[in-house]
Each structure stands twice: as structure tokens, then as C-alpha cells.
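A.B. asks: my questions concern the predicted model and sequence given below.
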Amino acid sequence: MESTILNISVIGGGYVGLVTASCFAYLGHTVRIVEIDTKKAELINKGIPPIYEEKLEDILKQTSGKNLSAQSHYEGIDDADIIFICVGTPPQDDGSADLTYITRASESIGSALKGSEKYHVITVKSTVPPGTTESVVIPAVMKSLGDTSDSVGFCMNPEFLREGRAIDDFLHPDRIVIGGSSEKAISVVQKAYEKLDALVITTSLKAAEMIKYTSNAFLATKISFSNEIGNICKRIGIDVYEVMKGVGYDHRINPYFLNAGLGFGGSCFPKDVMALIKLAEKNGENPILLKSVIDVNEQQPGRIIQVLHTRIGDIRGKRIAVLGLAFKDNTDDVRDSRSIPVIDELLTQGAIVSAFDPMATESMKKIFPDITYHTNAGDALEGADACLVLTEWPEFSKLTDEFNRMKSPVIIEGRRILSCSGIEGVCW
Ligand SMILES: NC(=O)C1=CN([C@@H]2O[C@H](COP(=O)(O)OP(=O)(O)OC[C@H]3O[C@@H](n4cnc5c(N)ncnc54)[C@H](O)[C@@H]3O)[C@@H](O)[C@H]2O)C=CC1
Ligand SMILES: O=C(O)[C@H]1O[C@H](OP(=O)(O)OP(=O)(O)OC[C@H]2O[C@@H](n3ccc(=O)[nH]c3=O)[C@H](O)[C@@H]2O)[C@H](O)[C@@H](O)[C@@H]1O
């Protein structure tokens, strides 16, 4: 069967925009990225990803300059069958989602499509509070378009990729969710994915928006639940990892996202759970469970400092090696990384921090310019009074002799990655 080749425009060439655009180009579509940051657009056109993501460089090299291009203006997007909005939805001061970028992008799309006779489907991929496509995107597009005709359709197609595994997640999704303003609009977006062997769920715009928030909130809840069980286990001398292993074999629970430790960081779980809390409150609901998910998460970084005190007492003037800065393994992203509150507290209490991360050093230097960064774990551990493991990098599990360079073997894991290898002094 011949597959359909579509013209696709992707608004925003950040994490999600770039992965979305590269993957659609890899699937054979003709893709144009509109990214207002000219430096990012230039890099993309040279085949250089502005972010680190496994497999992205390969896929970008195969497509950039062929069926993938980037630009910093909206001209030419009127040739697109689908326009995906992938701009950021960062938190405002009160935790609710800031929709400024969504509104601006929608207005620009409306202006750029003015006079076009082609049918376009404007599709929101950014994570937005339920009701946003209907109450923000559609009015902003239509106002700029100056038209009430049915030459445009609207969809909401949330993205479920994880950083560090983004390309595989995009190309092999558990499901594709498409909410739409009409059957016609949904069927166009469905065509973009027709080469993927994936379950497609079609629904309303609002339900699609809510599915995304609910998925992230549920995963975050699993993590906070595991942390609460972990905190109880610690009090009575039980290894929570053994407990969760036993629990996760129940197919109704499954073994994923049950790893206790420092809690969840990153650009999405904390922001999306907070935005859902704000949405609930705005609508007269007090979301006590979601609030607890955040509370537990906020407490976890402080707990590793407490364990450190029980092992070495006062930390003023002591050298603490920090292994791992990224919010998770396989990324250079430090947005809302749990290592930030931990390092902050170490510095507040007068410790000397020597840090190593396989990839995130440059990003962290912008937040903590004055701590010492090393290019390998062994150097960071040299003469250390204690070591804190803050990111689940698999390569940390291969460290052995490096720990002999410490002054004393006091190793505390905020992410379970070493304990299994029987190194002296490790506790969790
Ligand atoms: N990072 C992730 O792993 C995931 C993020 N999401 C959601 O996707 C959305 C985007 O997230 P990221 O890609 O991480 O954000 P990002 O901040 O990395 O990228 C957003 C990009 O949009 C550009 N931009 C802003 N306004 C623009 C405009 N008017 N026209 C053109 N470009 C514009 C910015 O310059 C930036 O490069 C958010 O809603 C996020 O919650 C969803 C799933 C995964
Ligand atoms: O909306 C988003 O942006 C994305 O958010 C998460 O993806 P991501 O933040 O990239 O990374 P995760 O692998 O989910 O990890 C998030 C945080 O939770 C922590 N975590 C994860 C799993 C676990 O068992 N325990 C735990 O503490 C990680 O260390 C990390 O800090 C979701 O997994 C994606 O499905 C979603 O698309």
C-alpha cells in the first residue's frame, strides 16, 4: 500500500519540536520547523542537534537539508497539511501553565494562513490544560486568520516521549492519542502516523489534553508513593527496592516507575502536576492526593542530607563528591534536577562540592558556577569525605576502584545504581 506523504510544519524546534520534526521526516514526510531562535534554526539546518538526545544526530543527519528544514519566520507554512504546535508551556509563579507562547504561535499561524485555499489541521502537541485548544488556540488562530470558514481543522495530539529515549518512544509509542474538532481533522493527523504500528485512540480535544496531564500525574504519583513506602521501610530497616520488586510483579501494578530515591525532576512532572493542581483549584476542587505527590517529592532531597549527617556529622568544610547532575540518565538536561536542591543545601551548610556528570556539566555550570567540576568520577572522588549519587547513570554501576580514592568510604545513593555491586560503604 502506498503511504501518504504530507507537508508538515512544526512550530518550535526545542526538545519535542525537534524530535517530532526529525521523526516525521524520517517517516518520509516533508517537514519545515519554525523556530524563533535563529541560532537553533541554523544548527538544525547544519544537521547539528542543539540538545543531546540519543539517535537524534543520526536521524537529523539523514533528513536535514533533504526533507527537513528550519527557519525563523512563518512564511511558507501555508503549504502544510498539518501544523504542529510544540512551543513551551512553562509554569507561572503560582504553578499554573503559562500559555503566552501558545497564544503567540497561534496568532502567527493564523496570520500566515490568511488567504490560503488549502485545508490545514492545526495540531497542539505541547502539554496544555484541558480547554486550551478550544478557548485559546482556536480563537487566536481565527482572529488572525480573519475567517470563519472551515478551511482549518484543529487537533490535540499529546506527546508521551521521555528524554534520553525520545526517538524510540516517538517511533514505537504505546499509543497515539488524537483529539479533534472533526473526523476530517483527525483523519489527516492519523495519516502522519500511518507508517507506525501503534494503537490510535481518537477522542475530544479536551479529553486528549486531560489524558496527557493524567498520564504524567499518575507516573509522578507512582514515584511519590514508592518514596513514601521507602521512607517507612528505612525506619524499620527494610530495602524498599526488594519490596517494590515483589510488588511490581503484580500485572495490575507493573514494575515501572517504582524506583524510590530523590524523587522526580525534569521539565515536565513537577510543572504538569502543579498545573493540574491549579486547574483543579480553579474549578472548585481540592486535589489532596496531587498536593501530597508534590509534598513528598519536595522532601526527598532533604532526606539524603539527613542520611549524610548520620554518617559524617557536621559537613562544614568537608569535601562531598557529587556523582550525577542531570535530572535523569542519558541526558544533559538539568531542568528541575533533584541535584539542584541537594547541592544548594550542601553549599548552604558550608560543604566543598566536587562534581561529575557524564553529560550535564556545562548546563549545571550556569546554575552553580563556583563548585568544582571534574571530567571523570575518580577525580571527583579524590579525597572526598563522602559521596552522593544523584543521577541513575548506568555507567556509575561500573565504578569500583575509583571509590578507593575517597578519604573514607561513605557513599549514599539518591538513585539505586551502585548497591548491587557490593562496594564497601554504600547505603541508600
Ligand atoms: N521535554 C519533553 O521531554 C516533553 C515536553 N512536552 C511538552 O512539549 C512542550 C514543549 O516542550 P520542550 O520541547 O521541552 O520545550 P523547549 O523549551 O525545549 O522548546 C520550545 C521551543 O519553542 C520555541 N518557540 C517559542 N515560541 C515560539 C514561537 N512563537 N514560534 C516558534 N518557535 C517558538 C522556543 O524558542 C523553543 O526552542 C511543553 O508543553 C512540554 O510540556 C511533552 C512531552 C515531552
Ligand atoms: O511530559 C513529559 O515531558 C514527559 O515526562 C516524563 O519523561 P521525562 O521527564 O523525560 O523522564 P522520566 O523517565 O519520566 O523521569 C522523570 C523523573 O522521574 C525520576 N524517576 C523515574 C522513575 C522512577 O521509578 N523513579 C524516579 O524517581 C527520574 O529520575 C526523573 O527525575 C514521562 O515519562 C514522559 O512520558 C512524558 O512525555
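C.D. replies: Looks like it arrived, so ask away. Residues are numbered from 1 along each chain as shown. Ligands and ions are numbered 1, 2, ... in the order given.
A.B. asks: which ones are touching residue 26?
C.D. replies: By CB atoms under 8 Å, 6 or more residues apart in numbering, the residues touching residue 26 are 59, 62, 63, 171. Bear in mind the C-beta positions are built from the backbone N, C-alpha and C, glycine included.
A.B. asks: my read is that residue 61 contacts residue 46, right?
C.D. replies: No: if you go by CB atoms under 8 Å, residue 61 and residue 46 don't touch, sitting 9.8 Å apart.
A.B. asks: neighbour count winner among the two?
C.D. replies: Between residue 61 and residue 46, counted using other CB atoms under 10 Å, residue 61 has the larger neighbour count: 15 against 11.
A.B. asks: any idea how far the closest residue to the more buried one other than its chain neighbours is from residue 65?
C.D. replies: Once flanking residues are discounted, residue 61 sits nearest to residue 47: 4.7 Å by CB to CB, 6 or more residues apart in numbering. Per CB to CB, to the nearest Å, residue 47 is found 7 Å from residue 65.
A.B. asks: neighbour count: these two, which is higher?
C.D. replies: For residue 47 versus residue 65, the count of surrounding residues by other CB under 10 Å is larger for residue 47: 17 against 13.
A.B. asks: about what we covered before: from the contacts of residue 26, pick the one nearest ligand 1.
C.D. replies: Checking the contacts of residue 26 against ligand 1 with CB to the nearest ligand atom, the nearest one is residue 171 at 14.7 Å.
A.B. asks: which ones are touching that closest one?
C.D. replies: Counted by CB under 8 Å, 6+ apart, residue 171 has contacts 23, 26, 196.
A.B. asks: in strands only, show me those.
C.D. replies: With DSSP state E as the criterion, strands contain none of the contacts of residue 171.
A.B. asks: let me know the closest of those to residue 102.
C.D. replies: residue 23 (21.8 Å; CB to CB).
A.B. asks: okay, now that closest one: neighbour count?
C.D. replies: Neighbours of residue 23 (other CB under 10 Å): 23.
A.B. asks: who's in contact with it?
C.D. replies: Residues near residue 23 by CB under 8 Å, 6+ apart: 59, 167, 170, 171.
A.B. asks: run the last query once more with 6 Å
C.D. replies: If you count contacts by CB atoms under 6 Å, 6 or more residues apart in numbering, residue 23 has them with 170, 171.
A.B. asks: just to revisit the earlier point, the contacts of residue 171 in helices, which ones?
C.D. replies: Among these, the residues falling in helices (DSSP state H) are 23, 26.
A.B. asks: now, among the contacts of residue 171, which is nearest to ligand 2?
C.D. replies: Closest to ligand 2, out of all of the contacts of residue 171 and judged by CB to the nearest ligand atom, is residue 23, at 14.0 Å.
A.B. asks: and whichever helix in the chain runs longest, how far out from the chain's middle?
C.D. replies: As assigned by DSSP H, the longest helix anywhere in the chain is helix 205-235. Using CA atoms, centre = their mean, to the nearest Å, the mean C-alpha position of helix 205-235 is found 15 Å from that of the whole chain.
A.B. asks: next, count neighbours for residue 244.
C.D. replies: Count around residue 244 with other CB under 10 Å applied: 23.
A.B. asks: then residue 72?
C.D. replies: Considering only other CB under 10 Å, residue 72 is surrounded by 15 other residues.
A.B. asks: so it touches residue 38, yeah?
C.D. replies: Yes: taking contacts as CB atoms under 6 Å, residue 72 lies within contact range of residue 38: 4.7 Å.
A.B. asks: in the stretch 201-350 of the chain, which spans are helices?
C.D. replies: For the stretch 201-350 of the chain, the helices defined by DSSP state H, counting those that start in this stretch cover 205-235, 240-248, 269-282, 288-312, 339-348.
A.B. asks: contacts for the second one?
C.D. replies: Contact with helix 240-248 is made by 226, 229, 230, 233, 253, 255, 258, 260, 416, as judged by CB under 6 Å, 6+ apart.
A.B. asks: okay, who's weakest in the residues you listed by pLDDT?
C.D. replies: Sorting the contacts of helix 240-248 by pLDDT puts residue 416 at the bottom of the list (91).
A.B. asks: and that residue, what does it touch?
C.D. replies: When contacts are counted by CB under 6 Å, 6+ apart, residue 416 touches residue 241.
A.B. asks: ramachandran coordinates for it?
C.D. replies: Backbone torsions of residue 416, given as degrees, to the nearest 10, read phi -70, psi 110.
A.B. asks: gap between it and residue 258?
C.D. replies: Distance from residue 416 to residue 258, by CB to CB: 11 Å.
A.B. asks: do residue 113 as well
C.D. replies: Distance of residue 113 to residue 258, given as CB to CB: 46 Å.
A.B. asks: ok, now residue 411?
C.D. replies: In terms of CB to CB, residue 411 sits 23 Å off from residue 258.
A.B. asks: more neighbours, these two?
C.D. replies: Neighbour tally, residue 411 and residue 258, criterion other CB under 10 Å: the higher count belongs to residue 411, 25 against 21.
A.B. asks: which one is residue 52 nearest to, not counting chain neighbours?
C.D. replies: Nearest one to residue 52, counting by CB to CB, 6+ apart, is residue 332 at 4.5 Å.
A.B. asks: I meant residue 212, not that one.
C.D. replies: Nearest non-adjacent residue to residue 212, counting by CB to CB, 6+ apart: residue 158, 3.5 Å away.
A.B. asks: and the one you found, how many residues sit next to it?
C.D. replies: Using other CB under 10 Å, the number of residues around residue 158 comes to 21.
A.B. asks: hmm, residue 210 and it touching each other?
C.D. replies: No: between residue 158 and residue 210 there is no contact under CB under 6 Å: 9.4 Å.
A.B. asks: list the contacts of stretch 150-166.
C.D. replies: Here stretch 150-166 has contacts from 16, 19, 53, 119-125, 133, 138, 169-170, 177-182, 184-185, 189, 205, 208-209, 212, 330-331, 333, using CB under 6 Å, 6+ apart.
A.B. asks: which residues does the nearest residue to residue 393 once chain neighbours are set aside contact?
C.D. replies: Closest residue to residue 393 apart from its sequence neighbours, by CB to CB, 6+ apart: residue 329 at 4.6 Å. By CB under 6 Å, 6+ apart, the contact list for residue 329 reads 391, 392, 393.
A.B. asks: burial count for residue 183?
C.D. replies: So residue 183, with other CB under 10 Å, has 9 neighbours.
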